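K.L.:
Pasted the sequence and its predicted model underneath.
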Amino acid sequence: MAPHQETSFQPAGEVSAETARAELEAVLASSLLARAPSLSTLLGYLCEKYFQGQAHQLKEYTIAVDVFGRPSDFHQKEDAIVRVEIRRLREKLRQYYDSKGAGHKVQIAIPVGQYAPVFLPREDSASHASIKPATPSNGAAEIVDGANGHSQIDQADSRSLDPQTGTTTAAQRTGRAPARRALVWAGLVAMSLMIALLAAFRPWSLARNPLANVAESFGSSAPAIENAAGAAAELSEIRILAGAKTSKYVDHGGKVWLGDRYFNGGSVSSAAVSLIYRTQDPEIYQTNRHGDFSYDIPLKPGNYELRLHFAETFYGPEGLQGGGEVSRLFLVRANGQPLVRPLDVYSDAGGWRTAEIKVFKNISPAPDGFLHLEFLSWTHGKAFVNAIEALPAKPGAINPVRIAPRETPFYSPDGCEWLPDRYFKGGRIVARPGPVAGAHEPQLYQYERFGNFSYAIPVAPGRYTLTLRFAERFFGPSNPNPLGKGPGSRVFHVFCNGEALIKNFDIFKEAGGEDRAVVKKFTGLTPDAQGRLMLEFKPVVNYALINSIEVVDEAWK
């Protein structure tokens with residue numbers, strides 16, 4: 001391979017090399033990036049390539065290998081790590097320029113559709129076409145309900161929302177310690193050297209997860225499991241795609257799922273279905289292990305939340321076998337104790353090709369260090385499972401569920417992780433940029449799901465606090481929409497497990513105007529017989545909407 005050759009950085013517009021590096025330094029030194037070291041490394045790598053005149057080399061493959069330690073046979077269709085992390089980085093940059101960096105004269109952005117960063121002066125960033133939020137003229141679709149005359153704009157690609165502009169330079173920031181500045185510069189120099197070395201020695205795979213290297217050889221071999229138990233138990237959480245041959249899959253929330261392992265018995269099948277209701281990741285439900293089988297999963301000692309994923313894709317009204325309820329019944333045991341019996345996935349999910357997740361609290365490995373799961377066929381059909389998760393949790397509680405109707409995850413300033421949209425059926429997502437008065441966390445109001453829709457949120461037995469956030473971002477005096485200007489423009493009901501939580505809810509009326517936050521909190525909610533909080537948003541006048549959903553186990557301390 002030819003030796004690395006550095007070329008001088010020639011910035012566009014009025015942004016000099018010194019100003020651009022100062023801005024990068026300010027972003028890397030911020031607390032927002034400090035909490036996400038992988039994103040800090042990614043941003044530094046992208047910018048160094050740009051400064052060296054090598055932005056054209058920023059491809060998904062090179063980033064995966066150089067930054068994330070993927071092997072030379074990396075395949076982007078099987079591993080979406082780069083796309084997921086780039087989306088997370090765009091979100092972090094947007095958060096930064098909405099908060100700490102709001103006063104900067106320059107901002108860093110990564111336009112949608114490319115990996116090369118751009119350094120935009122304030123006057124340019126406000127009008128930069130590739131990072132400006134989508135508008136109705138950019139491929140938006142207008143949805144009209146003929147029955148009630150409602151019109152609502154749905155952006156063709158809400159993921160194009162990127163950072164807004166700022167007003168002061170990074171050099172004007174106060175309180176920056178010289179020592180910290182030196183450390184950041186030293187890090188950038190080290191990163192440049194690392195990039196050069198990586199270019200010369202591409203076969204770099206030591207950064208791969210050592211468990212993945214060991215576990216790929218597991219299959220159904222018990223001795224292999226025993227020999228690898230020590231390494232596997234170092235992981236505090238695990239996600240397995242039953243029946244999947246791929247080494248790993250990265251979902252919309254950035255979570256890594258490993259291919260099938262730790263199993264004994266059973267057979268593998270797949271379903272070529274592109275749509276599974278109540279998930280943005282149908283890949284999780286496209287393969288399964290079925291029959292009478294078991295999993296012996298090595299886990300670090302502690303308390304876990306167990307999540308078993310199912311979707312009935314074999315029995316159904318349009319399937320070759322036909323059928324529906326009672327077509328398949330089976331049992332599941334954990335460490336010899338029954339978890340469910342009998343389980344009818346079709347019935348619990350409310351139909352076929354629908355994600356059904358069963359959640360269990362207070363799960364721990366057996367004394368031998370393994371979680372032993374058994375799937376046993378009962379009177380009809382064969383037992384099966386699509387995916388298994390074991391996640392650390394506090395004793396007596398499941399982990400909080402926080403959902404924002406968007407494509408990518410993000411972290412709020414209080415450190416809470418908000419996952420992209422899931423568990424929904426019906427409705428559509430639309431971006432709503434701009435400020436919201438009274439919003440503790442503005443990010444939670446930048447998107448909404450609207451329409452006639454529901455969320456089936458899987459939980460374990462217990463009592464839960466539900467927090468719903470709303471803001472009227474469409475109807476109001478400043479909106480050109482002629483169909484509604486004030487109170488009464490949008491009215492809807494919200495139900496939980498068939499009981500009304502809110503009746504005839506008018507966000508505009510309750511908030512006292514448009515673009516104002518309304519928070520509704522409900523305590524003591526319990527799951528239905530299927531183990532869900534079934535939230536239904538029913539229109540009365542125009543469409544229902546939701547900006548975010550938070551479910552917290554009341555045993556969580």
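P.N.:
That came through, no problem. Numbers count the residues shown, from 1 in each chain.
K.L.:
average pLDDT across stretch 460-467?
P.N.:
Confidence for stretch 460-467, expressed as mean pLDDT, is 97.
K.L.:
Actually, stretch 113-124.
P.N.:
Along stretch 113-124, the predicted confidence averages to a pLDDT of 79.
K.L.:
Can you tell me the closest non-neighbouring residue to Phe505?
P.N.:
Phe492 (5.7 Å; C-beta to C-beta, 6 or more residues apart in numbering). For glycine as for every other residue, the C-beta is placed from the backbone atoms N, C-alpha and C.
K.L.:
okay, the one you found: pLDDT?
P.N.:
Value for Phe492, per-residue pLDDT: 98.
K.L.:
and what of Pro203?
P.N.:
For Pro203, the pLDDT comes out at 33.
K.L.:
now Asp260
P.N.:
96.
K.L.:
isn't it right up against Lys248?
P.N.:
No: using C-beta atoms under 8 Å, Asp260 is not in contact with Lys248; the gap is 11.5 Å.
K.L.:
Between the two, point out the one with more neighbours.
P.N.:
More neighbours surround Asp260 than the other of Asp260 and Lys248, with 24 against 20 (other C-beta atoms under 10 Å).
K.L.:
hang on, Arg90 in a helix?
P.N.:
Yes: counting by DSSP: H, G, I helix; E, B strand; the rest coil, Arg90 is found in a helix.
K.L.:
That one and Gly427: what is the separation?
P.N.:
Remark: distance between Arg90 and Gly427 (C-beta to C-beta, to the nearest Å) = 24 Å.
K.L.:
before we move on, what about Gln114?
P.N.:
For Gln114, the distance to Gly427 - C-beta to C-beta - is 31 Å.
K.L.:
what does Ile297 give?
P.N.:
Computed as C-beta to C-beta, the Ile297 to Gly427 distance reads 36 Å.
K.L.:
cool, Glu25 as well?
P.N.:
In terms of C-beta to C-beta, Glu25 sits 43 Å off from Gly427.
K.L.:
can you check Ser269 too?
P.N.:
Computed as C-beta to C-beta, the Ser269 to Gly427 distance reads 32 Å.
K.L.:
Any chance of the backbone angles for Tyr346?
P.N.:
Dihedral angles phi and psi of Tyr346 (degrees, to the nearest 10) take the values phi -60, psi -50.
K.L.:
That one contacts Phe330, correct?
P.N.:
No: under the criterion of C-beta under 8 Å, Tyr346 is not in contact with Phe330, lying 11.8 Å apart.
K.L.:
coming back round to it: of Ile297 and Gly427, which one has the most company?
P.N.:
Ile297 (24 against 21).
K.L.:
what sits against that one?
P.N.:
Taking C-beta atoms under 8 Å, 6 or more residues apart in numbering, we find Ile297 in contact with 232, 238, 240, 262, 365, 370-371, 373, 388, 390.
K.L.:
who wins for most neighbours among those residues?
P.N.:
Ranked by neighbour count (other C-beta under 10 Å), the contacts of Ile297 have Tyr262 at the top, with 27 neighbours.
K.L.:
For it, what are phi and psi?
P.N.:
phi 70, psi 10.
K.L.:
how far away is it from Phe370?
P.N.:
Separation of Tyr262 from Phe370 (C-beta to C-beta): 8 Å.
K.L.:
Closest to Ile110 out of the contacts of Ile297?
P.N.:
Each of those was scored against Ile110 by C-beta to C-beta, and Ile238 proved nearest at 31.3 Å.
K.L.:
ok, now how distant is the closest one from Val332?
P.N.:
Distance of Ile238 to Val332, given as C-beta to C-beta: 17 Å.
K.L.:
One more: Arg94?
P.N.:
Arg94 is 42 Å from Val332, by C-beta to C-beta.
K.L.:
How about Val326?
P.N.:
Going from Val326 to Val332 by C-beta to C-beta gives 17 Å.
K.L.:
cool, Leu275 as well?
P.N.:
26 Å.
K.L.:
quick check: mean pLDDT across the helix or strand containing Arg239?
P.N.:
Arg239 belongs to strand 238-241 when assigned by DSSP states H and E. Mean per-residue pLDDT for strand 238-241: 96.
K.L.:
packing partners for that strand?
P.N.:
Where contact means 3 or more C-beta pairs under 8 Å, 6 or more residues apart in numbering; DSSP states H and E, strand 238-241 is packed against strand 256-258, strand 287-298, strand 387-392.
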